[in-house]
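S.K.: Here you go, sequence then predicted model.
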Amino acid sequence: MKAFFDPRQLGHAPDTYFRGGAPMPHPEQPARAALLRDMLEENGFPVLAPADYGLVPITAVHDPDYVAFFADAYARFVAEAPEGALGVPTRHPGRRRGREPKDINGAMGWWMTDTSTPLTPELYASVYWSAQSAVAAAEDVMGGALASYALCRPPGHHAMIDGTNGFCVFNNACIAAHHLRGRWGKIGLLDVDVHTGNGSLDILYERGDIFLCSLHANPAVYPTFYLGHADETGDGDGAGTVLNEVLELGASQDTVLESLDRGIAAVQAFGAEALVVSLGFDMAHDDPLAAVQVHDDGFAEMARRIAGMGLPTVLVQEGGYLGPSLRTNAEAFLTTYRDSIGVTYLPPDV
């Protein structure tokens, strides 16, 4: 199983964000990706640089004006900002009508929903190459690989059609899922990050060709708040193609695995021909943003069950922060997944 990662994904290194009005150290650091890359190499995974597939796969799921904003947003900000200013929005239009303003501070509020994804000198290059890693993994699977892993950093599943959120700018999982439509008619997206895949919900909610199941803790917690409730099941062409498996805060490993089984069954009932996994190791019991109680053996079991679906699969890295067990959990999932390819998983009631 190949892995895709570009060193330019390490460039974005935010210092601070605000939670509940208080400034605090930013948890989405380059070191988390470097740790995962080193683990991959030590376990014999080929770690390859992605080709440059350009903007077309990104603008296929995001507003092109939103994508274009980030190409020079940092340069515009520093040209106008006072010395020492943090590149975060300070005004928002709320539920909006109108248009993107020319003023950089107004434009930031137009496209950026919170303070978690500040403009930095290398933000655009980092998110661009993170998206390219996702496309490269999708291309690998479309070319015949049974599975491929995109070490996407920064993550993506909170990024909306036209808005940043929760550390995310480009929605790597949706980019990969849409790209897979170049070969297959129906795609499943299984989100096992502990936070709601609210950006993926925003992008896919009215699409009937991609089934989204998100396993997550109660959505009324940072950073998602507004999406991810059990009664949100899709609309229009996408009616019935969304499943939110909502976990109580502190849910046990067994409860998480039961939820995963329901998600797997739903993706299979949809008739998905290929799969994208939004892979979050922040399901860990000791993650800095911990909300449920998964351990390394639980991550291994998740991998076994997902691999057992037997679908061509793109694994896209989402959360998982610099807690004590991050490397162990990633190693447990990814090595087990590699070893389980081709082994059918039978749920307990079969």
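M.R.: Looks like it came in fine.
S.K.: Which stretches in the stretch 251-350 of the chain count as strands?
M.R.: 274-279, 313-317 (DSSP state E, counting those that start in this stretch).
S.K.: Show me the strands in this protein, by range?
M.R.: Under the criterion DSSP state E, the chain contains strands at 2-4, 16-19, 22-25, 47-48, 147-150, 187-191, 210-217, 242-247, 274-279, 313-317.
S.K.: With mean pLDDT and mean neighbour count as new columns, can the ones you listed be given to me in TSV?
M.R.: Where you see a C-beta, it was placed from the backbone N, CA and C, and this is true even at glycine. Listed next are these as TSV, based on pLDDT from 0 to 100; neighbours: other CB atoms under 10 Å:
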stretch	mean pLDDT	mean neighbour count
strand 2-4	98	23
strand 16-19	88	15
strand 22-25	91	10
strand 47-48	98	16
strand 147-150	98	27
strand 187-191	98	29
strand 210-217	97	27
strand 242-247	97	22
strand 274-279	98	29
strand 313-317	98	30
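S.K.: To Arg99, which of these lies closest?
M.R.: When the strands of the chain are compared by CB to CB, strand 16-19 sits nearest Arg99, at 27.1 Å.
S.K.: And the closest one, how far out from the chain middle?
M.R.: 20 Å (CA atoms, centre = their mean, to the nearest Å).
S.K.: now do stretch 199-219
M.R.: That offset, for stretch 199-219, works out to 12 Å (CA atoms, centre = their mean).
S.K.: what do you get for stretch 203-221?
M.R.: For stretch 203-221 - counting by CA atoms, centre = their mean - the centre lies 12 Å from the chain centre.
S.K.: can you start the count at 546 instead of 1 from here on
M.R.: Shifting the count to begin at 546 puts that one at stretch 748-766.
S.K.: could I get that stretch in CSV with only the CA atoms?
M.R.: C-alpha atoms of stretch 748-766 as CSV (Å, rounded to 0.1, in the frame of the first residue of the first chain):
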residue,chain,number,x,y,z
ILE,A,748,-20.4,19.7,0.0
LEU,A,749,-22.3,16.4,-0.4
TYR,A,750,-25.7,17.0,1.2
GLU,A,751,-27.6,17.2,-2.1
ARG,A,752,-25.5,14.8,-4.1
GLY,A,753,-26.9,11.3,-4.8
ASP,A,754,-23.7,9.7,-6.1
ILE,A,755,-21.6,9.8,-2.9
PHE,A,756,-22.9,8.3,0.3
LEU,A,757,-21.5,10.0,3.5
CYS,A,758,-21.5,8.4,6.9
SER,A,759,-19.9,10.4,9.7
LEU,A,760,-19.1,8.9,13.0
HIS,A,761,-18.6,11.6,15.6
ALA,A,762,-19.2,12.8,19.1
ASN,A,763,-22.1,15.1,19.8
PRO,A,764,-21.9,17.8,17.1
ALA,A,765,-22.7,20.6,19.6
VAL,A,766,-18.9,20.8,20.4
